[in-house]
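Novice: Kindly generate the corresponding structure for this input.
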Amino acid sequence: MFQNKCLKQNFALFTSLLIAALSPIIAPDAVARSGQEPPAKPLREQLNRIIVRPGRGAVMAIPRFITNDDGAASLAEELRGIIDADLDFARVVNILGQSLYPKTKISDPLHIDFSAWRRPPVQPDYLLVGTTMTNAEHVLVEVFLYDVQAGGRLFSRQYRGTRRTLRSLAHHIADDVVMLLTGTKGIASSKIAFVSRRTGHPEIYIMDYDGWGVRRFTYDRSMAFFPAWSPDGKRIAYVSFKEDRPFIQIRSVIDRLPVRAFRFSSGTPSSPVFSPDGRYLAFSSSKDSNSMQLYIADLQTGRIRQLTRLRSVIHTSPRWNPRTGRELAFISDRSGTPQIYVIDTESGTTRRLLTEGGAADSPAWSPDGRYIAFAWRPPEATKYDIFIMDIASQQIVQLTDGPGSNESPTWSPDGRHLAFQSNRSGRFEIYVMHVDGSGVKQITKAGGTSPAWWRAGTAK
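Specialist: Numbering: from 1, shown residues only. Prediction:
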């Protein structure tokens, strides 16, 4: 009798615990059947999970690269340092400080004493080991990635380059490591186009994602604004003032030769941007009225279609939704102040995205189409800062704060970082940061505005 009573009590307790355990799983289905959407996770929490934050997630150690040539030791350390910086900014793993490494150096990448790396306080999850050999100007690098706890090799590959291309070689290695760990191509080999007045006139320049390798792209010797990459990275569209009237110029990235131009008898064009498939170019212009309207140009036929027709209203900064390929986010002051709207390029249906007032500028879709980054001066604020909106839930999170105005955000190819312009140092320079607003770093030193981050990889 007592045994049966205990069994019944235990069964009742087990049943109640099972229901409690399953309730988080059952609840969404029940909500879905009721026609209500489950509550979205707070946007700040979503953004914090996109990158690996310090103290959370996997850890990687990158000891000094092995070299048999004492004269190449400094080159090997430079290479290792670039890879270290690339992976540290990528934030797919935490990089372990060298002060915690075992005192015994690795002399053979094929024979690792994993027991030394498993002992506190080291204990990384991954170990990236490299060897370098040099012959005159040529460099041969072999890289090994190990799972420290399992003691197994995950990756080994050889890379060839020259002393001149050392940074490019290091970026390539870092991108391959990121690809292995995440399944997504890294950004170390990506490029950023921007505008600078370092020669006296605003011209367009191209640099590596970290600010190195700056090279001049336009030689208009007048004014060049609003650079935009084609999806394949082979062309850049911009607004040129080198002729009597401003026009849209498209140039080859490979040889800087003009590919196509759009000239108008009146008005000023602004903000050209390629569609995700590279077939169209959206832009704003005052060519047909005393106000800025949105247009789409077919790059094959040259045919131009007008999207907006509201008189005495400014429409500017069109940006394609990379996920749908048919929506444009843009800025319009139809409500009295510049706000973010979205227009369907096929139906013309328009909706307002930002409803909190203030003044908005420079919307930019994330590569997956989930978020829009934008510059915003909220009501009562005196300067612009960078914000992110979750399109589905309309939640907004502020990323920048402090001195200066922060504007013109552009997404990294992997959607984990943003570049933007800021005058916090006294003049506008280009900065990069992680998608949660951390890790802010200045990457230009001679002025810079209007950054455009190529979404597809490396421009040759």
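
Novice: quick one: contacts for the closest residue to Glu78 other than its chain neighbours?
Specialist: Spatially, and ignoring its direct neighbours in sequence, Glu78 is nearest to Leu166 (6.6 Å; C-beta to C-beta, 6 or more residues apart in numbering). (Glycine included, C-beta is placed from N, CA and C.) By C-beta atoms under 8 Å, 6 or more residues apart in numbering, Leu166 lies in contact with Leu75, Glu78, Leu79, Ile82, Val139.

Novice: again, but for Asp220
Specialist: Counting by C-beta under 8 Å, 6+ apart, Asp220 has contacts His201, Glu203, Ser240, Phe241, Lys242.

Novice: closest to Thr132 among those residues?
Specialist: Using C-beta to C-beta, the shortest approach to Thr132 within the contacts of Asp220 belongs to Glu203, at 37.3 Å.

Novice: Can you read off the pLDDT for that closest one?
Specialist: Per-residue confidence (pLDDT) for Glu203: 98.

Novice: now swap in Val31 and tell me
Specialist: Val31 is given a pLDDT of 34.

Novice: Likewise for Gly35?
Specialist: 48.

Novice: do Arg56 as well
Specialist: 89.

Novice: And it, which helix or strand is it part of?
Specialist: Using DSSP states H and E, no element contains Arg56; it sits outside every helix and strand.

Novice: Quick check: closest non-adjacent residue to it.
Specialist: Asn94 (7.8 Å).

Novice: tell me the centre residue of this structure?
Specialist: Ser412 (1.4 Å; C-alpha atoms, centre = their mean).

Novice: now it: how far from Phe428?
Specialist: Going from Ser412 to Phe428 by C-beta to C-beta, to the nearest Å gives 20 Å.

Novice: just Arg245 next, same as before
Specialist: Between Arg245 and Phe428 the computed distance is 26 Å (C-beta to C-beta).

Novice: which of the two has more neighbours?
Specialist: Between Arg245 and Phe428, counted using other C-beta atoms under 10 Å, the more crowded position is Phe428 (23 against 13).

Novice: Report the contact partners of the more buried one.
Specialist: So Phe428 contacts Gln421, Ser422, Gly447, Gly448, Thr449 (C-beta under 8 Å, 6+ apart).

Novice: Quick check: the farthest pair among those?
Specialist: Ser422 and Gly447 (11.7 Å).

Novice: From what I see, Arg198 and Gly447 are in contact.
Specialist: Yes - between Arg198 and Gly447 there is a contact at 6.0 Å, judged by C-beta atoms under 8 Å.

Novice: remind me which residues of the stretch 51-200 of the chain are low pLDDT?
Specialist: Applying pLDDT under 70 to the stretch 51-200 of the chain flags no residue at all.

Novice: ok so, going back, quick one: the residue nearest to Arg56 and Gly55 touch, right?
Specialist: Yes - with contact defined as C-beta under 8 Å, Asn94 reaches Gly55; the gap is 7.5 Å.

Novice: Those two: which is more packed in?
Specialist: Asn94 (19 against 7).

Novice: got the contact list for the more buried one?
Specialist: Contacts of Asn94 (C-beta under 8 Å, 6+ apart): Val52, Pro54, Gly55, Arg56, Gly57, Ala58, Val59, Met60.

Novice: Report the beta-bridge partners for it.
Specialist: Val59 (DSSP bridges).

Novice: Distance check, it against Ile187.
Specialist: 18 Å.

Novice: what's the answer for Asp113, then?
Specialist: Separation of Asp113 from Ile187 (C-beta to C-beta) stands at 33 Å.

Novice: More neighbours: which of the two?
Specialist: Per other C-beta under 10 Å, whichever of Asp113 and Ile187 has more neighbours is Ile187, with 28 against 10.

Novice: give the contact list for the more buried one.
Specialist: Ile187 neighbours (C-beta under 8 Å, 6+ apart): Ala90, Asp175, Val178, Tyr209, Ser412, Pro413, Asp414, Arg416, His417.

Novice: go again using 7 Å as the cut-off
Specialist: Ala90, Tyr209, Ser412, Pro413, Asp414, His417 (C-beta atoms under 7 Å, 6 or more residues apart in numbering).

Novice: does Leu270 belong to a helix or a strand, and which?
Specialist: In this structure residue 270 is Ser, not Leu. For Ser270, the host element (DSSP H and E) is strand 269-274.

Novice: Strand partners (parallel or antiparallel) of that strand?
Specialist: For strand 269-274, pairing defined by DSSP bridges yields strand 280-285 (antiparallel).

Novice: pretty sure Leu75 is in a helix, no?
Specialist: Yes - assessed with DSSP: H, G, I helix; E, B strand; the rest coil, Leu75 lies in a helix.

Novice: Please tell me the pLDDT value assigned to Phe2.
Specialist: Looking at Phe2, its pLDDT is 35.

Novice: In contact with Phe226: list those residues for me.
Specialist: Tyr238, Val239, Ser270, Ser271, Pro272, Ser450.

Novice: Tell me the one of the residues you listed nearest Ala224?
Specialist: Checking the contacts of Phe226 one by one against Ala224 (C-beta to C-beta), the nearest turns out to be Tyr238, at 5.3 Å.
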